[in-house]
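Asker: Have a look at this prediction, sequence included:
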Amino acid sequence: MALTLLAGAPAIAATRPEGEQAKIDALLDRIRASDAIFIRNGVEYDGKQAASHLKTKLFFAGSRVQTAKDFVLGVASHSEESGLPYEIRPKEGARRPLKDWLLEKLSELEREPTPPPTSRPAPKGSSAGAGG
């Protein structure tokens with residue numbers, strides 16, 4: 001059974017716009033690095049466990065998640081099993097819906113300036129940089 005599931009994995013995996021995937025990855029990184037407690041179906045988890053769970057859910061959501069907002073609202077806001085909202089309890093602060101926390105983090109990400117593309121050095125043997 002597991003082999004059948006793994007064999008179909010490339011078909012399930014979604015391709016989403018690069019910029020949106022970068023925002024989703026950044027949100028997952030913020031969850032993973034957080035010292036907050038994440039609550040799913042009444043059980044508490046640390047940031048690493050929460051990020052791992054959401055990454056798995058994202059994988060199975062496939063192409064229905066095309067944007068970071070789709071991720072927050074469709075994957076990271078509630079349990080598919082119980083329908084209960086996911087929650088977060090920061091070290092300094094009150095328990096609240098994870099959806100609200102993630103939408104705030106997404107808003108912060110979208111306000112950050114986009115870094116310029118990094119230039120790659122020319123491959124050895126290339127004529128790049130040679131006078132001509």
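Answerer: Ah, there it is. Numbering: from 1, shown residues only.
Asker: use CA for all of it now, contacts and neighbours both
Answerer: Fine.
Asker: Please report how far G62 lies from K23.
Answerer: According to C-alpha to C-alpha, to the nearest Å, G62 and K23 sit 16 Å apart.
Asker: Looking at these two, which one has more neighbours?
Answerer: Under the criterion of other C-alpha atoms under 10 Å, the comparison of G62 against K23 puts K23 first, with 19 against 15.
Asker: Let me know the helix or strand that S82 is in.
Answerer: Taking DSSP states H and E as the definition, S82 sits outside all helices and strands.
Asker: how about the strands in this protein?
Answerer: 37-40, 43-45, 87-89, 96-97 (DSSP state E).
Asker: Tell me which of the ones you listed sits nearest to T67.
Answerer: strand 96-97 (19.9 Å; C-alpha to C-alpha).
Asker: quick one: L73 and K99 touch, right?
Answerer: Yes - using C-alpha atoms under 8 Å, L73 is in contact with K99, at 6.8 Å.
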